[in-house]
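Q: the following comprises the amino acid sequence and a computationally predicted model.
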Amino acid sequence: TIRARMPPYPNLVSDSTLVQDTIDLLTDSGGRAAASEIVDAVFKLSHIDDDLAGLLVADLIRNDRRFKIGDNNTVELLQDDSLSRLLKDLDFVVVDVEATGAKTPPNRLIELGAFRIRGGRIVDKFLSLVNPEIPIPRFVAALTGISNEMVRRAPVFAEVAPQWLDFVSDSVLVAHNAPFDTSFLNHEISRVYPGHRMINPHLCTVRLSRRALPKLDNHRLDTIANHFSIPIVSRHRAGSDALATAEIFLLLLTELEETHGIKDLAAARNFQFPELETSVATASLT
C-alpha cells in the first residue's frame, strides 16, 4: 500500500537488505558516493545514466532520514547526532510489552506500556491492551492476569501503531531486556508497515545494571527494584513493569554520571558492552 511504502513517521526506516547494503557501501566510502556507484554495487546494474541512477536511489531511500541526496546525484550518509547529545537533554521512552509467548513469530503482543522521561522526571505515559488476534495460552494468562476476554474488545496493533509511533517520536527507547521488547515491537510494526522498523536508539537496563550494580545476585527486574526499594504494583503487567523500569532507569542515570562519568548517549551505549571496550583496548595495544 502507499502508506506502507511511505510511512509518515520519521522514526520508521526501511528494513530492506538493499538499504543496508547502501549503508555499508557509504560507510566504506567515507560517508558519500555517487548514485551510479550505488546502483552498480547494490542493484548490480552497470552503465546506468546518472540521472536514472539518481532516481533509482532516491526511490530506495525515500523518507529515510539517514540519507541525503545532494547535487550531481551524490548520496550522503548522515551522522546520528543523538549519540553525541547529553543524556540530560534527551527524551527517553521506557517500554514494557507482554506477549502470548517468548518468540516472534508466531507470538503477538497483548499489552504495551511506556513512560516518557524528560528532564530527569516522568512526564507522560502510554498504556494499552492489544488484541493479539490469537488465543492467549493458559500459562500466560495466569502469569499476567490478562485473559482472552480482556483483549477481545481491545484494539489490534494496527490501530495502536500510529499513536505509539507518535508517542515514541525520536526518543531513546529503554527496556529491561531491550532486545526482547524492541524485537516484538518491530515485528508488530512490520505487519502494519511491511519492510519497515523503528530506528530509535535503545538502552537496556539489564545490561546497564550489570555494569553499575555488579554485586547483585542477579539483574531481574524484581531484584533491582527491591535493591532500590521501588514497588512493582502488578508484576508482569506492561504499565506496572514499565513504571518500575523507568524509576530504576532514572536512578541508573544518576549512577552513570556520578560514579562512571557517563554523560552522553554514545558513552551510555558503550557502557552496556564491556566486551567491546576490552576488544578496543586490546586492539590499541597490538
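A: Good, I have the coordinates. Keep in mind it's a predicted model, so treat the numbers as computed, not measured.

Q: from here on, just use CA atoms for contacts and neighbour counts.
A: Noted.

Q: show me what counts as buried in stretch 69-89.
A: Buried residues in stretch 69-89, counted by 16 or more other CA atoms under 10 Å: 69, 73-77, 82-83, 87-88.

Q: any low-confidence regions in the protein?
A: 1-7, 275-286 (pLDDT under 70).

Q: now the helices for this protein?
A: Taking DSSP state H, the helices of the chain run over residues 2-5, 17-28, 35-41, 50-60, 138-144, 148-152, 157-168, 178-192, 205-212, 221-227, 238-260, 265-271, 274-285.

Q: dump the ones you listed to a markdown table, plus mean neighbour count and distance to Phe115.
A: Shown next, in a markdown table, are the helices of the chain (neighbours: other CA atoms under 10 Å; distance: least, CA to CA, whole Å):
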| stretch | mean neighbour count | distance to Phe115 |
| --- | --- | --- |
| helix 2-5 | 12 | 27 |
| helix 17-28 | 16 | 31 |
| helix 35-41 | 21 | 41 |
| helix 50-60 | 17 | 34 |
| helix 138-144 | 13 | 19 |
| helix 148-152 | 15 | 21 |
| helix 157-168 | 17 | 10 |
| helix 178-192 | 19 | 14 |
| helix 205-212 | 20 | 14 |
| helix 221-227 | 16 | 16 |
| helix 238-260 | 20 | 7 |
| helix 265-271 | 18 | 19 |
| helix 274-285 | 10 | 28 |
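
Q: put together CSV for those helices, with distance to Thr100 on each row.
A: Listed next are these as CSV, based on distance: least, CA to CA, whole Å:
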stretch, distance to Thr100
helix 2-5, 26
helix 17-28, 29
helix 35-41, 42
helix 50-60, 35
helix 138-144, 6
helix 148-152, 10
helix 157-168, 14
helix 178-192, 11
helix 205-212, 22
helix 221-227, 20
helix 238-260, 13
helix 265-271, 30
helix 274-285, 33
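
Q: out of those, nearest to Leu112?
A: Nearest to Leu112, of all those, is helix 238-260, at 5.6 Å by CA to CA.

Q: give the other helices and strands that the closest one contacts.
A: Where contact means 3 or more CA pairs under 8 Å, 6 or more residues apart in numbering; DSSP states H and E, helix 238-260 is packed against strand 92-99, strand 109-118, strand 121-129, helix 205-212, helix 221-227.

Q: got the CA positions of the last one in PDB?
A: Coordinates of each C-alpha in helix 221-227 appear next as PDB, following Å, rounded to 0.1, in the frame of the first residue of the first chain:
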ATOM      1  CA  LEU A 221      13.500  -6.600  37.400                       C
ATOM      2  CA  ASP A 222      12.300  -7.700  40.800                       C
ATOM      3  CA  THR A 223      15.800  -7.900  42.200                       C
ATOM      4  CA  ILE A 224      16.800  -4.400  41.100                       C
ATOM      5  CA  ALA A 225      13.500  -2.900  42.100                       C
ATOM      6  CA  ASN A 226      14.000  -4.400  45.600                       C
ATOM      7  CA  HIS A 227      17.500  -3.100  45.700                       C
END
